[in-house]
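In: Okay, predicted coordinates and the sequence, questions at the end:
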Amino acid sequence: KARIACIGPAATKGVLFASIMNDLNRTAGRSGVGAVMGSKKLVAVAVRGTSDVPIKDPDLFRAVVDKYLKQYRDSLGGERHSLNQYGTAATITKTQKFGVLPTRNFQQGTFEHWESLSGETLTEQFLIKTKTCHSCPIGCGRVTKVVKPGFEGEGEGPEYETIFALGSNCGIGDLAAVAKANYVCNEMGLDTISMGATISCAMELFERGWISETDIGRPLRFGDAEALVEMCRLTGLREGFGNYLAEGSLRLATRYGHPELAMVSKGQEFAGYDPRGEQGMGLAYATSPIGASHMRGDPAYIELLGVPKTIDPIASKGKSLIVKDWQEVFAVIDSAGLCVFFSVRNYMTPTEDIRPVGIVELLNASTGADYSLEELVKAGERIINAERLFLVKAGFSRKDDTLPPRMLQEPLPDGHAKGHVVRLEEMLTEYYRLRGWNQNGVPTEEKLRELDLK
């Protein structure tokens with residue numbers, strides 16, 4: 001009955017993007033949190049609870065939960081949610097359609113073999129059963145099995161972010177190989193986004209002649225499925241060329257004289273959306289406090305998925321306010337311990353000015369804190385500003401709120417967003433103004449006093 005958070009060989013050996021694994025196949029994956037545990041020689045934390053979770057008003061809390069569950073089920077009209085049918089891999093269809101599916105180290109925005117990586121393919125060929133977190137009505141988890149010779153395995157996933165990173169971004173359209181690489185990453189305790197991004201960076205470096213076959217020990221070209229799986233294993237063990245991959249794409253590309261080929265912000269690899277075709281995501285990547293992340297305010301909901309409404313992904317006007325608002329709401333969701341998938345679709349007001357009405361009701365019923373909606377939104381803003389103060393003291397500023405040259409100078413060559421780059425500077429200037437920060441990205445004294453941070 002215990003719950004265990006543990007590290008694997010990758011964290012023990014100091015891979016910089018090592019993860020913390022929990023419940024066998026779930027991952028705290030980004031920012032190298034597993035490497036931190038490994039550096040402190042902390043292998044696992046096991047917890048077994050023996051008491052009920054205290055609820056301030058159990059009847060009211062149950063009523064609020066039932067209200068939003070009914071609202072969710074009514075919205076489906078008897079149909080299954082796409083996340084239940086196909087898992088997060090359903091996102092492939094949207095990113096391919098909008099031309100933002102990262103392909104071959106973000107050199108392209110569409111992938112010719114995208115259908116072989118889709119949620120439909122995952123469901124038809126590899127799915128054993130769906131899996132839910134505790135009490136979740138969606139059930140987006142996938143338990144899968146691969147029987148293809150050379151890639152045999154069984155486990156959970158792969159999720160969309162894994163499929164893009166180990167699939168299209170490495171030029172690989174074989175979902176069996178992607179699933180196998182995912183299993184290896186889970187067993188080693190590796191962040192699949194950074195792992196795939198680092199391999200794809202190495203593939204481009206190799207194809208341009210900037211890394212030799214001697215250094216790698218084999219050819220490493222886009223589309224090489226066997227090499228993908230092998231590089232994941234070598235990285236987890238820090239063996240051979242895996243010792244260089246273990247440093248992440250920025251350090252790898254810098255080692256070979258071409259840091260511009262690392263698709264990172266603040267040193268962290270991009271998630272599965274090319275920001276040249278999704279301007280809000282470009283601003284979110286650049287301003288995220290942990291480096292490029294789609295989980296510190298995810299404009300893809302409103303730019304690609306139409307939640308709560310669709311807005312032009314290529315337009316940059318108005319995106320500064322949207323990114324600001326979404327970052328603050330995500331800070332509230334994270335702090336409340338809620339699932340982003342259910343929260344964004346069910347607890348928010350159905351306008352682009354997202355307001356976490358349902359979360360206020362849940363928090364007040366469970367804790368008795370008696371938040372107003374304005375107070376909760378302000379709490380999200382306070383979190384963002386507190387994080388920014390930490391970064392400022394660590395030496396970060398506007399110079400770090402940026403993107404690689406490819407995003408700013410090389411127009412997308414294909415797809416719906418063909419010809420576009422990220423128009424970052426115009427959005428960033430407006431973003432700072434809306435945040436109450438100076439033009440170097442530092443919170444003003446007035447803003448800090450307003451938020452009770454001074």
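Out: Perfect, I can see it now.
In: Does residue 129 touch residue 139 like I think?
Out: No. In this structure, residue 129 is not within contact of residue 139 by CB atoms under 8 Å, at 9.6 Å. All C-beta spots, glycine's among them, are computed from the backbone N, C-alpha and C.
In: out of those two, which sits in the more crowded spot?
Out: residue 139 (17 against 9; other CB atoms under 10 Å).
In: Contacts only, for that one.
Out: Applying CB atoms under 8 Å, 6 or more residues apart in numbering, we find residue 139 in contact with 83-84, 130-132.
In: Surely it is in a strand?
Out: No. Using DSSP: H, G, I helix; E, B strand; the rest coil, the secondary structure at residue 139 is coil, not a strand.
In: still on that earlier bit, the contacts of residue 139 in strands, which ones?
Out: Within those, residues falling in strands by DSSP state E are 130-131.
In: what's the farthest-apart pair in the contacts of residue 139?
Out: Greatest spatial distance among those (CB to CB): 83 and 131, at 11.8 Å.
In: Comparing the two, which shows the higher neighbour count?
Out: Using other CB under 10 Å, the more surrounded residue of residue 83 and residue 131 is residue 83, with 20 against 17.
In: which residues of the stretch 51-200 of the chain fall in strands?
Out: Assigned by DSSP state E, counting those that start in this stretch, the stretch 51-200 of the chain shows strands spanning 127-131, 141-146, 153-156.
In: Of these, which is nearest residue 287?
Out: Closest to residue 287 of these is strand 141-146 (CB to CB; 30.4 Å).
In: In its sheet, which strands sit next to the closest one, and in what direction?
Out: In the sheet, strand 141-146 lines up against strand 127-131 (antiparallel), strand 153-156 (antiparallel) (DSSP bridges).
In: Dump the C-alpha coordinates for the longest one into PDB.
Out: Taking only C-alpha atoms (Å, rounded to 0.1, in the frame of the first residue of the first chain), the coordinates of strand 127-131 have been written out as PDB:
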ATOM      1  CA  LEU A 127      -2.800  -0.800 -26.500                       C
ATOM      2  CA  ILE A 128      -3.500  -3.400 -23.800                       C
ATOM      3  CA  LYS A 129      -5.700  -1.200 -21.600                       C
ATOM      4  CA  THR A 130      -6.300   2.300 -20.500                       C
ATOM      5  CA  LYS A 131      -5.300   3.600 -17.100                       C
END
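In: can you give me the mean pLDDT across that strand?
Out: For strand 127-131, mean pLDDT rounds to 95.
In: Give me the residues contacting that strand.
Out: Here strand 127-131 has contacts from 84, 87, 139-145, 154, 156, using CB under 8 Å, 6+ apart.
In: okay if I get these as CSV plus distance to residue 450 and pLDDT?
Out: Below are the contacts of strand 127-131 laid out as CSV (distance: CB to CB, whole Å; pLDDT from 0 to 100):
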residue, distance to residue 450, pLDDT
84, 42, 91
87, 42, 94
139, 42, 92
140, 38, 93
141, 41, 94
142, 45, 95
143, 48, 96
144, 49, 97
145, 54, 98
154, 53, 96
156, 44, 95
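In: Could you work out the most separated pair of those residues?
Out: Using CB to CB, the pair of those lying farthest apart is 84 and 154, separated by 21.0 Å.
In: more neighbours, the two?
Out: The neighbour comparison of residue 84 against residue 154 (other CB under 10 Å) goes to residue 84, with 18 against 13.
In: Which residue is the nearest non-sequential neighbour of the more buried one?
Out: residue 139 (4.9 Å; CB to CB, 6 or more residues apart in numbering).
In: so how far is residue 363 from residue 421?
Out: 41 Å (CB to CB, to the nearest Å).
In: who's more crowded, these two?
Out: Taking neighbours as other CB under 10 Å, residue 421 and residue 363 compare with residue 363 leading, 23 against 19.
In: surely that one meets residue 376?
Out: Yes. At 7.2 Å, residue 363 counts as touching residue 376 under the criterion of CB under 8 Å.
In: where exactly do the helices run in the stretch 351-454 of the chain?
Out: Ranges of helices within the stretch 351-454 of the chain are 357-367, 373-393, 405-409, 424-435, 445-450, based on DSSP state H, counting those that start in this stretch.
In: Kindly report the same for the stretch 201-350 of the chain.
Out: 213-216, 225-237, 242-245, 249-255, 279-287, 300-303, 319-336, 340-346.
In: Kindly present the strands paired with strand 141-146 as CSV, with separate columns for distance to residue 270.
Out: Output for the strands paired with strand 141-146, formatted as CSV (distance: least, CB to CB, whole Å):
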stretch, distance to residue 270
strand 127-131, 27
strand 153-156, 23
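In: Looking at those strands, which is nearest to residue 167?
Out: The closest approach between residue 167 and any of the strands paired with strand 141-146, judged by CB to CB, belongs to strand 153-156 at 15.7 Å.
In: mind listing what's buried in that closest one?
Out: For strand 153-156, a neighbour-count test (16 or more other CB atoms under 10 Å) marks 153, 155-156 as buried.
In: who's in contact with it?
Out: Residues contacting strand 153-156 (CB under 8 Å, 6+ apart): 24-26, 128, 131, 141-146, 179-180, 182-184, 186.
In: of the residues you listed, buried ones?
Out: Applying 16+ other CB under 10 Å to the contacts of strand 153-156, the neighbour count classes 25-26, 131, 141-142, 144, 146, 179-180, 182-184, 186 as buried.
In: which of the residues you listed lies closest to residue 331?
Out: For those, the nearest to residue 331 is residue 26 (21.4 Å; CB to CB).
In: for the closest one, what are its contacts?
Out: residue 156.
In: how far away is it from residue 444?
Out: Distance of residue 26 to residue 444, given as CB to CB: 40 Å.
In: Quick check, pLDDT for residue 350.
Out: If you check residue 350, the pLDDT there is 55.
In: phi, psi of the closest residue to residue 56 other than its chain neighbours?
Out: With CB to CB, 6+ apart as the criterion, residue 56 has its nearest non-adjacent residue at 3.6 Å, and that residue is residue 368. Residue 368 adopts backbone torsions of phi 70, psi 20, taken as degrees, to the nearest 10.
In: hey, which helix or strand in this protein has the poorest pLDDT?
Out: Lowest mean confidence among the helices and strands of the chain (mean pLDDT, DSSP states H and E): helix 340-346, at a mean of 87.
In: Show me what counts as buried in that one.
Out: For helix 340-346, the neighbour count (16+ other CB under 10 Å) marks 341-346 as buried.
In: shouldn't residue 9 be in contact with residue 234?
Out: No. The criterion here is CB under 8 Å, and residue 9 misses it with residue 234 at 11.3 Å.
In: How many residues are close by residue 414?
Out: Burial of residue 414 is recorded as 15 neighbouring residues (other CB under 10 Å).
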